[in-house]
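**Student:** Kindly generate the corresponding structure for this input.
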Amino acid sequence: MENIVLVIHLILALSLIGIVLLQRSEGGGLGVGGGGNKGVSTRSAETALGKITWFLAIGFIVTSITLTVIAAQKSSSGSVLDRVGGTAPAPVAEESSPLGDADALLPPSAGDAPLTPPAAE
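**Tutor:** Have a look, this model is predicted:
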C-alpha cells in the first residue's frame, strides 16, 4: 500500500513540476514576464492548465498526508526518550589500543605546566 501511494506521489510531483513550467507567466514576479496593464480587481480566465495544476496540487497534498499517516502507523508506539531511560547500554570491554596510551593524545589539562626549552650554553 505504501509503495503504491509513494509511486502516485512521485508521479504527481513530477507532473506538477511539468505543468507549472508549461504555464505562461502572469507577471508580478521579479518584474518580468507577461502582465500588461491589468487592474488589481480583474481576474484572468481559468485555463485548462490552471485547472490541471489545482488538481495535481490537491492530489499531491492528499498523498503527502496519506504517506505521513502510514508512516505514523508503522512507527513504534512510544518516544525515543522512553527507550533511552528504560535500559542502559552494555558496558564496553576495554581493549588495548593500537595507538598505545590514549591519554598521550589528549590535550594538556589546566594543571599541567608548560614545557620549557633546554637552556642554551
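**Student:** Which strands and helices lie in contact with the one helix or strand residue 69 maps to?
**Tutor:** Using DSSP states H and E, residue 69 falls within helix 48-74. Other elements packing on helix 48-74 under the criterion 3 or more CB pairs under 8 Å, 6 or more residues apart in numbering; DSSP states H and E are helix 2-22. Yep, even glycine has a C-beta here, placed from its N, CA and C like the rest.
**Student:** Mind listing what's buried along the helix it packs on?
**Tutor:** Using 16 or more other CB atoms under 10 Å as the test for burial, helix 2-22 gives 5, 8, 9, 12, 15, 16, 19.
**Student:** Would you check that the fourth one makes contact with residue 59?
**Tutor:** Yes - applying CB atoms under 8 Å, one finds residue 12 in contact with residue 59, separated by 4.9 Å.
**Student:** Show the contacting residues for residue 49.
**Tutor:** 19, 22, 23 (CB atoms under 8 Å, 6 or more residues apart in numbering).
**Student:** Relative to residue 116, how far out is it?
**Tutor:** For residue 49, the distance to residue 116 equals 80 Å [CB to CB, to the nearest Å].
**Student:** Repeat that for residue 63.
**Tutor:** Counting by CB to CB - residue 63 and residue 116 are separated by 71 Å.
**Student:** Residue 69 now?
**Tutor:** Residue 69 is 69 Å from residue 116, where distance means CB to CB.
**Student:** ok, these two, which is more surrounded?
**Tutor:** residue 69 (11 against 6; other CB atoms under 10 Å).
**Student:** so what's the more buried one scoring on pLDDT?
**Tutor:** Reported pLDDT at residue 69 in the predicted model: 92.
**Student:** Then residue 41?
**Tutor:** 51.
**Student:** repeat for residue 6
**Tutor:** 95.
**Student:** Ok, residue 31 next?
**Tutor:** As predicted, residue 31 sits at a pLDDT of 58.
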